[in-house]
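> heads up, no residue letters with this:
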C-alpha cells in the first residue's frame, strides 16, 4: 500500500495550493479518503473527507468555504484544493484511506505547506 502526497510548498497568505495524493496497492475506489494536517507542537487533525464514490464530503469548520476535497477514481488520486490560505494553515498535510469519517487505515508520509509572507 502506498499513498504519496505532493503539491506542498511555500505560499503567501491569501494564496492557493492544490495537493494531490496518489494511491496504489489497494482498492482505492472502495475506500473513503481524507486529508489531515499536523502543525508543529499540535496533534494531527482531520481537514476533509470524501466517500468512496466522491458524492459526499465533510470539512472541518476551520477550512469550510476555503478548501475543497475531490477524487478521481480512474487515476487513484485524491486532491485538496486550498484557497485563501492563512498562516495558521501551515502544517504537514497527510492523506489517509479508510472508512469514511473513521480514523484512517493507511497513511501517506505527508507534504509540507508553509503559509508565510
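Noted; the coordinates are in hand. This structure is a prediction, so every number in the text was calculated from the model and none was measured.
> Helix, strand, or coil at residue 18?
Following DSSP: H, G, I helix; E, B strand; the rest coil, we place residue 18 in the strand state.
> dump the residue contacts of it.
7, 79-82 (Cβ atoms under 8 Å, 6 or more residues apart in numbering). Where C-beta positions appear, they are placed from N, C-alpha and C, glycine not excepted.
> quick one: the strands in the protein?
2-6, 9-11, 17-24, 32-38, 45-50, 57-59, 67-72, 77-82, 91-98, 106-107, 111-115 (DSSP state E).
> so where is the chain shaky, pLDDT-wise?
Nowhere does the chain drop to pLDDT under 70.
> do you know how far the spatially most central residue of it is from residue 88?
Nearest to the mean C-alpha position of the chain, by Cα atoms, centre = their mean, lies residue 35 at 2.8 Å. Distance, residue 35 to residue 88, by Cβ to Cβ, to the nearest Å: 16 Å.
> related to what we said a few turns ago, how far away is the residue nearest to the centre of the chain from residue 117?
As defined by Cβ to Cβ, residue 35 lies at a distance of 24 Å from residue 117.
> quick one on the thing from earlier: which among the contacts of residue 18 gets closest to residue 31?
Nearest to residue 31 out of these is residue 79 (Cβ to Cβ; 15.1 Å).
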